[in-house]
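Visitor: build me a model from this:
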Amino acid sequence: METLKTLMEAIQKFSDPTFALNYMVSIRWPQGVECPHCLQSTGEVHNRVCFIYTRKIWKCKDCKKQFSIKY
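Guide: Next up, the predicted model:
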């Protein structure tokens with residue numbers, strides 16, 4: 001992701017919800033989206049997830065649980 005250098009640039013970029021979500025995803029999961037439920041319960045990293053665009057959440061294809069960028 002690109003580095004934001006000024007406050008005005010950050011305000012302009014983060015006014016777009018898609019940019020904001022993608023930026024936070026790149027910070028939280030630099031290697032790709034991983035299911036936090038599987039990591040917590042089994043200790044294994046599962047990255048077989050699908051994105052539910054209308055709700056802005058992911059669903060794990062292994063444990064079937066849903067999670068967001070916040071958890």
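Visitor: now do the helices in the protein.
Guide: All helices of the chain, identified by DSSP state H, fall at 7-14, 17-28, 36-42.
Visitor: as a markdown table, those with distance to Val49 and mean neighbour count would be great.
Guide: C-beta: built from backbone N, CA, C; applies to glycine. Formatted as a markdown table, those follow (distance: least, Cβ to Cβ, whole Å; neighbours: other Cβ atoms under 10 Å):
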| stretch | distance to Val49 | mean neighbour count |
| --- | --- | --- |
| helix 7-14 | 24 | 11 |
| helix 17-28 | 11 | 13 |
| helix 36-42 | 10 | 14 |
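Visitor: could I get those helices as JSON lines with mean pLDDT?
Guide: As requested, the helices of the chain are exported to JSON lines (pLDDT from 0 to 100):
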{"stretch": "helix 7-14", "mean pLDDT": "92"}
{"stretch": "helix 17-28", "mean pLDDT": "93"}
{"stretch": "helix 36-42", "mean pLDDT": "88"}
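Visitor: list the contacts of Val25.
Guide: By Cβ atoms under 8 Å, 6 or more residues apart in numbering, Val25 lies in contact with Val33, Ile69.
Visitor: kindly report the same for the one 10 residues further on.
Guide: Cys35 makes contacts with Val45, His46, Asn47, Val49, Trp58, Cys60, Asp62, Cys63, Lys65, Phe67, as judged by Cβ under 8 Å, 6+ apart.
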